[in-house]
Each structure stands twice: as C-alpha cells, then as structure tokens.
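Q: Let's see this in three dimensions:
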Amino acid sequence: MTRWISALFGRLYWRTFLLIVLLVSASLATWFQSFRLLELGPQVEQTSRQITSLIDLTRLALIHSDPQYRVSLLEDLAKKEGIYIYPRSPGDQWTPMNHSEFTRRLEVAVDTRLNEHLDFADVVNDRPGLWIGFVLEGDPYWLLLDRSRIDPSLSETWASWGVIATLLALIGAAVIASFVNKPLRDLRLATARVGAGNYSQMLDELSGMREIREVNRGFNRMARSLQEVEEERALMLAGISHDIRTPLARLRLEAEMSVPDEQAREYIIEDIEQADRIISKFLEYARSTTPKIETVDLNALIDFVRDRYQKDETVVLHLQTPPVPPVRANTLELQRVVVNLVENAKRYALTPGEVHTDLDISLQPGIDHVQLTVRDHGPGVPADHLAQLTRPFFRGDAARTSAKGTGLGLSIVEKTITAMGGRLELSNAQPSGLQVQIWLPQASAHTG
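A: The predicted model follows:
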C-alpha cells in the first residue's frame, strides 16, 4: 500500500491533478458555505412568515367558524392544504425539533412574530412531521405541517449543482494536468531515445507554449550536437583502427620473415595479436549503435557456443538448457556476450587442480523473461569488487588479473545486455566461482 501511494504521488500528473482537485474542492466548499450562510437569513424570514400566517389563519378560522362546520373545515385544511389540527393532551409523547442553526433561528423568529412561545417537535406519538404546539382560547393544540415547509428549499438543488460542478472540476483537472504533463512526458521519451543512441526523432519546436518551445529547441540542439559528436567519434575510431592495424600487420609480416629465432618470433607475434585484440575490445566498447531487436532462440544460440568450444581443451562446458521461450534480443550481439563470458572465464577462472576451466551454462524460463546463467568454478572475486567489475578497465584481485586483458569484457557485456532491454547481475557462487545472471524479456510478452 505504501509503495502504491509513493508511486502515485511520485508522478507529476497525479500531483498536479490532486492539487487542482483540492483547490477546486476547497473553493466550492467555501462558496457553498458562504452561500448557505447568506441564504439562511432570508429563508428563516420567509419560513417564519409562512408558519405565523398559517397559525394566525388557523386560529381565525377556528374562532370565527360555526362550531357545526368546524370538523368539515379541519378536514378541508388537511385535504387541500396539508394542515392538520389535533388537540394536545398531557400524555402526548413528543420529541423536540432537532436543533440546527436554521431551526434555532426559525423558532426565535416565530416566537417573536407571535409574541408567544411555541413548542416545535419532530415526532408526536410516533408520528413524524413538523409539529407546532400553540394555544387557542386557553386550549392546547398541535398543528401538523409537512416537513418540507422548513427544509431549505434550495439545498437539494444547490447540492446537485455542487456535485455537477465537482465532476466538471475533476474533468477539468484531468485535462489541465494532462496538458501540463504531456510536454514533460514527450521530453522524457525523447531523452530515453537519445540515451539509447536514437537521434532521429526531435521534439516539436513550432506548437505549444513559448517556454515549452524554447526547451524543445534547446533539447533538439543538444541532440544534434550529440549526433555530430557520435558521427565524428565513429569516423575517428574507424581511422584509428585502420591506422594502427596496418602497421601491426606489417610488423607481423616483418617478424615472420626477418626474425630467425622461433621463440622470439612467437613472442613478437603473440604481442602483436594481443595488441590487435585490445584494439578490437576498445572499438567494441566504443560502438554506440543500438542493436536491432529480433526474436532469438536461446537454445540454438547455446548450441552454437557449445559447438564452437567443443574442440577447445582449455574449457569444459556443462549445459543445463531445457527448452525455453524465444527472447527479444539480437542474435549476433548475444552470441558475442556469451562468447565474451566464456573467454573471460578461460582467462581468469581456471578450475583449481585442473588444467582447464569448468563452466556451467543454464537456462531458466520465468513469467515474462528467461534467465541465462554462466557460472565458473574459479577463485571468485571479493564481495566489495562485484559492483565494480562492470566498470571499464577495472579488474579484480591479483589472482584474476594475472592474465592479460583490457578490463572491458564485462563492461561490454553489461552495455550490450542493457541496450537489448535486459538486466545483468554478478554474484559469487558457492563454494567458489563467479556467477553471471542475465535476464532477457520473452518475445511473447511483447506481442499482441
């Protein structure tokens, strides 16, 4: 519940909506209360005048009417005017009128007009209504009127209008909040696209409020500048790759032809190949293009990796890959990820007491994702280094950094997985080894 409330009030749309609703509701409540108080005086005056007129007319009619026609007169008053006259006895059970500001002022006004005290009751002898006790020629009587005569006549009408006004205020608040939130939502989506390397969709610079147009122009200028920087970087990286690899190729050719010592020649060639691999890693990490998302068969991809390392005696793959649903990813990029993890394990996670690396690869389907786990049986890494393993150029302790590498392998893996909409998590396995868990969205969760 707390998380739901935090998520609700954490969104600008709902904050704006609720703020407008509160302000409008407070305004309506203040207006309604003010109107009710202003209406109260005239309504008390009008109602008290009606009641006193009825009592006076009833008294006059009863006093001046012929006694033999008095019963028929009372019946006519009851039938035509809804006015009932009953003798009042000491044994009557009656409940005083429920006092509100209106009824208190009404009693005072009626007593003042008639210059006598009258009893007002809500119920007499279990019969509800507007009961008024008065005295006629020394005899007490009850005058029964319809309760609607003292109920505020406009209250229900104004209450209905108040409900309608509140509903209109809610609709208006939703429209206003949406109007305010839309430019920010567009900006958020555009920021996400730019963050993913898509600079093609720009924000509207022509319509909307002036402040929003200025923000959109500034954002579009920033996006164009970033696009130019990315294009220049890609061109520079291509040039660096060509300018460095060409001399390396000549050096290798020269070493193979001119170095007579075979061992020295192998060392030189190994160094040249390592330099070439480092350049490849740098270029791979620096790539800014977003991979094309497609449907990928993880089982087929793991079979491809198994076949690739089938004759490699330095690594033994142990697979637990039951059939799993297809995922949304890029086949080539995901192959590079798994190969990168295998190569990383070969380099840093030699199984103790063995001349090879044991590597467990497993697949496990979830509700809307598939989990890919790659686990080695090496020494693992200190717990405080786990969060830093995906940082560029960071490598763990001396046991894992004794091999030659760039420190970019896991950085490239995380960058690629994130670009494909997945998630990566590193942890130490028990009793030893590093475990890499990757969650990829199922293709079926994004169809329909």
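
Q: What's the local residue count around residue 110?
A: Residue 110 has 23 neighbouring residues, counting by other CB atoms under 10 Å. All C-beta spots, glycine's among them, are computed from the backbone N, C-alpha and C.

Q: oh sorry, the question was meant for residue 185
A: Residue 185 has 12 neighbouring residues, counting by other CB under 10 Å.

Q: And the one 5 residues further on, by the same measure?
A: Applying the criterion other CB under 10 Å, we find 19 residues in the vicinity of residue 190.

Q: Please apply the same query to residue 337.
A: Residue 337 has 27 neighbours, counted by other CB under 10 Å.

Q: Tell me who's in contact with it.
A: Taking CB atoms under 8 Å, 6 or more residues apart in numbering, we find residue 337 in contact with 412, 413, 416, 417, 438.

Q: Quick check: the third one vs residue 353, distance?
A: Just to be clear, that refers to residue 416. Taking CB to CB, to the nearest Å as the measure, residue 416 falls 33 Å from residue 353.

Q: Show me where this protein has its strands.
A: Here the chain has its strands, by DSSP state E, at 84-87, 94-96, 119-124, 127-136, 139-145, 294-296, 315-320, 327-329, 357-365, 369-376, 423-428, 434-441.

Q: Take those and lay them out in a markdown table including distance to residue 339, mean neighbour count and mean pLDDT.
A: As requested, those are exported to a markdown table (distance: least, CB to CB, whole Å; neighbours: other CB atoms under 10 Å; pLDDT from 0 to 100):
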| stretch | distance to residue 339 | mean neighbour count | mean pLDDT |
| --- | --- | --- | --- |
| strand 84-87 | 99 | 15 | 81 |
| strand 94-96 | 90 | 14 | 85 |
| strand 119-124 | 88 | 17 | 86 |
| strand 127-136 | 88 | 17 | 84 |
| strand 139-145 | 94 | 18 | 83 |
| strand 294-296 | 15 | 17 | 92 |
| strand 315-320 | 11 | 14 | 92 |
| strand 327-329 | 14 | 27 | 93 |
| strand 357-365 | 12 | 18 | 92 |
| strand 369-376 | 11 | 22 | 94 |
| strand 423-428 | 15 | 16 | 91 |
| strand 434-441 | 13 | 21 | 93 |
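
Q: For residue 104, which of these is the nearest?
A: Closest to residue 104 of the strands of the chain is strand 119-124 (CB to CB; 10.1 Å).

Q: now the angle from the closest one to strand 139-145?
A: Angle, strand 119-124 to strand 139-145, by axes from the mean of the first three to the mean of the last three CA atoms, to 10 degrees: 60 degrees.

Q: Quick check: can you list the domain ranges of this protein?
A: Domain assignment of the chain by automatic domain parsing yields the ranges 2-155, 210-290, 291-446.

Q: would you turn these into a markdown table with distance to residue 165?
A: Formatted as a markdown table, those follow (distance: least, CB to CB, whole Å):
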| stretch | distance to residue 165 |
| --- | --- |
| domain 2-155 | 6 |
| domain 210-290 | 30 |
| domain 291-446 | 44 |
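
Q: Tell me which of those domains lies nearest to residue 170.
A: Residue 170 sits nearest to domain 2-155 of all the domains of the chain, at 6.2 Å, using CB to CB.

Q: helices and strands of this protein: which one bottoms out on pLDDT?
A: Ranked by mean pLDDT, DSSP states H and E, the weakest helix or strand in the chain is helix 398-401, scoring a mean of 44.

Q: quick one on the thing from earlier: of the domains of the chain, which stretch is the most buried?
A: domain 291-446 (a mean of 17; mean count of other CB atoms under 10 Å).

Q: now that domain: how far from the chain's centre is it?
A: Centroid separation for domain 291-446 versus its chain: 32 Å, with CA atoms, centre = their mean, to the nearest Å.

Q: what does stretch 100-117 give?
A: Centroid separation for stretch 100-117 versus its chain: 57 Å, with CA atoms, centre = their mean.

Q: Any chance you could give me that stretch in CSV, C-alpha atoms only?
A: The C-alpha trace of stretch 100-117 is given here as CSV (Å, rounded to 0.1, in the frame of the first residue of the first chain):
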residue,chain,number,x,y,z
SER,A,100,-29.6,23.3,13.8
GLU,A,101,-28.7,26.9,13.1
PHE,A,102,-31.7,27.2,10.8
THR,A,103,-34.3,25.7,13.2
ARG,A,104,-32.9,27.7,16.2
ARG,A,105,-33.3,31.0,14.3
LEU,A,106,-36.7,29.9,13.0
GLU,A,107,-38.1,29.2,16.5
VAL,A,108,-36.9,32.6,17.7
ALA,A,109,-38.4,34.4,14.6
VAL,A,110,-41.8,32.7,15.0
ASP,A,111,-41.9,33.4,18.8
THR,A,112,-41.0,37.0,18.1
ARG,A,113,-43.7,37.4,15.4
LEU,A,114,-46.4,35.8,17.5
ASN,A,115,-45.2,37.3,20.8
GLU,A,116,-45.5,33.9,22.5
HIS,A,117,-43.5,30.7,23.0
